[in-house]
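Engineer: sequence first, predicted coordinates after that:
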Amino acid sequence: METRKIPFDVEKAKRGAKVVTRDGRNVEIIHFNKKGGDYPIVALVDNVVYKGISQEIYCYTTKGRYTFVNPTKYDLLIEEEVEEQGEQKSYKEETTHRLMTYQELADWLRDNPEEYREYTYADSSAIRNTFAYRDEDASKLADNILVRRNHGEWEKPLVEL
């Protein structure tokens, strides 16, 4: 059976889903609600050392982030098994899409540590990985923006319906 990594979901983790770091190390969450600060999740993370494996303690946000600044190899992901159906995987479905709003774009760039994500304006050569907007523009559609994942092809910022 194949596996895939999906964004961390604290509720799935509480129900026993397998949690790993972005670089594939096993994680054992020992506490979900540490008091004080922005990192309430306490976890033991496997650390390969000479002659065996040890564990180190790390703290995370509720989104599974090790830091708020940039995605890191220490960020948490959920690892799921995927059933194969011939050439297609069972999690593939046909969907319809629409353009992201400015708020959705900012969230997409910030809250998905499993990929390196960035954007550019269609008429600009500047590339950025964080997006700021005014509150009154939160629902404005990002129609003049292109996005990409992991330095791939530029595409319109779409969300599934």
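Structural biologist: That came through fine.
Engineer: what sits against the spatially closest residue to K14 that is not a sequence neighbour?
Structural biologist: Nearest non-adjacent residue to K14, counting by Cβ to Cβ, 6 or more residues apart in numbering: F32, 6.3 Å away. (Each C-beta comes from the backbone N, C-alpha and C, glycine too.) Neighbouring residues of F32 by Cβ atoms under 8 Å, 6 or more residues apart in numbering: 10, 13-14, 40-41.
Engineer: what bridges to the closest residue to D9 other than its chain neighbours?
Structural biologist: The spatially closest residue to D9, leaving aside those adjacent along the chain, is I78, at 5.9 Å (Cβ to Cβ, 6+ apart). Beta-bridge pairing for I78 (DSSP bridges): I6, V19.
Engineer: so I78 touches R22, yeah?
Structural biologist: No - under the criterion of Cβ atoms under 8 Å, I78 makes no contact with R22, lying 11.5 Å away.
Engineer: who touches both of these two?
Structural biologist: Residues touching both I78 and R22 by Cβ under 8 Å, 6+ apart: K5.
Engineer: in helices, which of the contacts of F32 appear?
Structural biologist: Residues from the contacts of F32 lying in helices, with DSSP state H as the criterion: 10, 13-14.
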